[in-house]
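K.L.:
All I have is the shape, not the residue letters:
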């Protein structure tokens with residue numbers, strides 16, 4: 001089912017007004033139930049807690065985190081990251097991305113890291129194509145919207161094994177906090193969050209709204225936007241700004257790719273992600289808590 005930007009906007013307003021009052025394993029870390037956590041140099045760092053899910057419950061706060069890369073984390077960021085008691089960090093970035101901007105991590109033996117690189121060839125090819133387009137100023141044949149839409153479909157058709165391992169890692173964590181990220185924390189990370197929330201029984205409009213929250217990250221990069229406009233021109237800025245954004249149509253394209261290839265999300269979970277009903281039940285038992293209040 002497709003949901004309009006207006007419906008998502010109305011849902012966001014509703015979610016913002018609603019007061020969340022239910023149990024949390026670690027209330028001191030995020031006492032105000034902040035969706036976006038206040039890191040200095042880790043962009044788009046979010047807690048997925050509080051979303052209404054299956055069986056009249058909500059996603060627990062303080063267990064599931066998503067973000068952009070950690071390469072520029074400050075000392076204060078690393079201290080805060082350690083305070084979140086994250087035991088597992090999953091990196092979806094390609095080898096080239098990790099080589100250019102390696103993560104900075106807290107000095108702790110308790111944090112396990114897992115590399116699940118995706119879109120290595122696609123990212124490298126797209127980077128070269130964008131560079132060539134900007135250099136030649138031949139923008140006519142480059143459709144940023146369609147490029148991103150195709151990339152989201154590839155996350156479904158080409159990377160089920162990686163997302164299977166992603167979900168397996170969360171299962172293995174048995175309720176200890178997990179962080180997953182890519183570079184901007186919006187595409188590969190966003191699709192990972194979307195399928196996990198679906199498995200937990202979160203409704204599609206809520207999943208889409210969580211995905212669209214990444215737009216705040218783009219709004220904070222006004223200085224970069226200005227530099228791009230001054231140095232590369234309006235058309236280059238338009239392309240790069242689009243590719244740095246999020247679009248509901250892209251996530252819907254991924255959902256539709258699931259329907260085409262597997263027939264349903266349930267089949268994707270069973271065949272593509274190799275999850276049994278007991279696996280899904282265990283995810284929900286571990287990651288859900290509290291009763292849903294009236295509102296959403």
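P.N.:
Received the coordinates, thanks. As the structure is a prediction and not an experimental result, all values here were calculated from the model. Numbering: from 1, shown residues only.
K.L.:
How many residues are close by residue 142?
P.N.:
15 (other C-beta atoms under 10 Å). Using the backbone N, CA and C atoms, a C-beta is placed for each residue, glycine as well.
K.L.:
element containing it?
P.N.:
Assigned by DSSP states H and E, residue 142 belongs to neither a helix nor a strand.
K.L.:
now the one 10 residues further on
P.N.:
According to DSSP H and E, residue 152 maps onto helix 144-157.
K.L.:
go on, residue 192?
P.N.:
Assigned by DSSP H and E, residue 192 falls in helix 188-199.
K.L.:
Residues in contact with that helix: which ones?
P.N.:
Residues from elsewhere that reach helix 188-199 (C-beta atoms under 8 Å, 6 or more residues apart in numbering): 48, 51, 53, 59, 64, 66-68, 92-93, 118-119, 152, 155-156, 163, 166-167, 170, 180-182, 204, 206-207, 210-211, 214, 246, 251, 254-255, 265, 268-269, 273, 275, 280, 283-284.
K.L.:
the helices in this structure, which residues?
P.N.:
For the chain, the helices defined by DSSP state H cover 5-17, 75-83, 95-100, 120-136, 144-157, 160-173, 188-199, 204-212, 215-219, 222-232, 234-243, 248-262, 265-267, 277-287.
K.L.:
which residues touch residue 104?
P.N.:
Residue 104 is in contact with 70, 71, 72, 73, 78, counting by C-beta under 8 Å, 6+ apart.
K.L.:
redo that, cut-off 7 Å
P.N.:
70, 71, 73, 78 (C-beta atoms under 7 Å, 6 or more residues apart in numbering).
K.L.:
May I have the residues that are in contact with the third one?
P.N.:
I take that to be residue 73. 41, 42, 81, 104.
K.L.:
How about the first one?
P.N.:
Contacts for residue 70 were tallied using C-beta under 7 Å, 6+ apart; they are 42, 103, 104, 105, 181.
K.L.:
same deal with the second one?
P.N.:
Contact criterion C-beta under 7 Å, 6+ apart gives 101, 102, 103, 104 as the residues in contact with residue 71.
K.L.:
switch the cut-off to 6 Å
P.N.:
Going by C-beta atoms under 6 Å, 6 or more residues apart in numbering, residue 71 touches 101, 103.
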